[in-house]
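J.: quick one: sequence and predicted model below, then my questions.
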There are 2 protein chains.
Amino acid sequence: MISGKFAITTHILTLLAKFPNEFMASDYIAGSLNIHPVLVRKEIANLKKHNLVESKEGKNGGVKLIASPEKITLEDVFKITFDKATLGFSKNEPNPECPVGKNINSNLNDLYEGINQTISKQLQSVTLAEFTEKF
Amino acid sequence: MISGKFAITTHILTLLAKFPNEFMASDYIAGSLNIHPVLVRKEIANLKKHNLVESKEGKNGGVKLIASPEKITLEDVFKITFDKATLGFSKNEPNPECPVGKNINSNLNDLYEGINQTISKQLQSVTLAEFTEKF
DNA sequence: ACATTTGCAATATATTTTATTACAGTTATG
DNA sequence: CATAACTGTAATAAAATATATTGCAAATGT
């Protein structure tokens, strides 16, 4: 995973919402984020995959929002940038011969599932339009 | 940060809650987690710092819960294992000359602050005793 | 034609996590 | 009171992950 995926994608969408109706170049976006343009394009590929933006190649090309900022919520961004939000797992397989080791991950998963739903609900209430107004 | 901090600490506490009134060795705990004992001791140091466990050096030494599992909630664990839960930030300082770059991090922070509070509230409702019963 | 841009893959660098090693200090027990 | 079994902690190494860079094909406006 890219750890800054949600932040980067939100940043990109905010820029696009600020300048609708024009194609914005990934180099320009990268300049605002201060990261490498290739990383920006990777996130844009993800946004395209989910039909939030369209892009145009060639001179004067770039990216542009398809969906309206009123209809996009931060939950949409969350969904496309996280498999699942968690509080983490220990790296290795725990010992299956220990009753705790055997079940810890499934119990943590259940816990995280609940957290995910809460985060989703909370992010649903913020549209990209609202978020963009803060700038 | 240790990305598995919350999971590891919860695992440790679950083990300790399963076997109260006895000192458990970090090597044994590490065996259940299948991670290195030194990492376990680091997390134990953190638990000690927050007065959740006590430890005894020397032969037959180990760690033991101080607080009662009914009084410890997973929010307590959350608090001592996370500075703050976030959905991430882009690694570099964004461009301060761009209105979006200039404000993105503070706006994301505000957003994450709200998420933190929700997670905290949700974890408050699960005691270590309840969590341990699932095993 | 040419400059500019996306798209994408491959590779390299940097950063972060986890593991290992080493050793000092504590304590139970024969 | 010597020894084995522990904790505690720091320093270093290795592994994993994230980010940056390079290179090039393909598209498009002028």
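T.: Received it, and whenever you're ready, just let me know what you need. Residues are numbered from 1 along each chain as shown, chains lettered A, B, ... in the order given.

J.: ok, for A:Glu54, nearest residue in space, not its chain neighbours?
T.: Nearest non-adjacent residue to A:Glu54, counting by Cβ to Cβ, 6 or more residues apart in numbering or on different chains: A:Ile66, 5.2 Å away. Yep, even glycine has a C-beta here, placed from its N, CA and C like the rest.

J.: surely the one you found meets A:His50?
T.: No. Contact criterion Cβ atoms under 8 Å: A:Ile66 and A:His50 do not qualify, at 10.0 Å.

J.: chain A: helices as residue ranges?
T.: In chain A, the helices defined using DSSP state H lie at A:5-18, A:26-33, A:37-49, A:74-81, A:99-124, A:128-133.

J.: if we can go back for a sec, run a quick neighbour tally on the residue nearest to A:Glu54.
T.: By other Cβ atoms under 10 Å in any protein chain shown, 13 other residues sit near A:Ile66.

J.: how about the backbone phi and psi for it?
T.: phi -100, psi -50 (degrees, to the nearest 10).

J.: and it, what does it touch?
T.: A:Asn51, A:Leu52, A:Val53, A:Glu54 (Cβ atoms under 8 Å, 6 or more residues apart in numbering or on different chains).

J.: quick one: it and A:Ala30, what's the gap?
T.: According to Cβ to Cβ, to the nearest Å, A:Ile66 stands 21 Å off from A:Ala30.

J.: try A:Lys91
T.: Distance from A:Lys91 to A:Ala30, by Cβ to Cβ: 32 Å.

J.: between those two, which one's more packed in?
T.: Remark: of A:Lys91 and A:Ala30, A:Ala30 carries more neighbours, 19 against 14, as counted by other Cβ under 10 Å.

J.: which pLDDT does the model give that one?
T.: Looking at A:Ala30, its pLDDT stands at 96.

J.: these two touch, right, it and A:Leu39?
T.: Yes. Counting by Cβ under 8 Å, A:Ala30 sits close enough to A:Leu39 to count as a contact (7.4 Å).

J.: who in chain A is up against DNA strand D?
T.: Residues of chain A lying close to DNA strand D by Cβ under 7 Å from any atom of the strand are A:1-5, A:35-39, A:56-61.

J.: and the pLDDT for the residue lying farthest from the centre of chain A?
T.: For chain A, the largest distance from the centre (Cα atoms, centre = their mean) belongs to A:Glu97, which lies 37.9 Å off. Listed pLDDT for A:Glu97 reads 93.

J.: so where is chain A shaky, pLDDT-wise?
T.: A:1-2 (pLDDT under 70).

J.: how about A:Lys5: what's its closest non-neighbour residue?
T.: A:Thr81 (4.2 Å).

J.: likewise for A:Met24?
T.: Nearest residue to A:Met24 in three dimensions, chain neighbours excluded: A:Gly62, at 4.6 Å (Cβ to Cβ, 6+ apart).

J.: dump the residue contacts of the one you found.
T.: Neighbour list for A:Gly62: A:Glu22, A:Phe23, A:Met24, A:Ala25, A:Ser26, A:Tyr28, A:Ser55, A:Lys56 [criterion: Cβ under 8 Å, 6+ apart].

J.: quick check: bridge partners of A:Lys64?
T.: A:Glu54 (DSSP bridges).

J.: burial measure for it, as a count.
T.: Number of residues near A:Lys64 (other Cβ under 10 Å) recorded here: 16.

J.: give me the phi and psi for A:Gly58.
T.: Torsion angles, degrees, to the nearest 10, at A:Gly58: phi 80, psi 180.

J.: give me the neighbour count for the nearest residue to A:Ala30 once chain neighbours are set aside.
T.: On the basis of Cβ to Cβ, 6+ apart, the spatially nearest residue to A:Ala30 that is not a chain neighbour turns out to be A:Pro37, at 4.0 Å. Residues lying near A:Pro37 (other Cβ under 10 Å) number 16.
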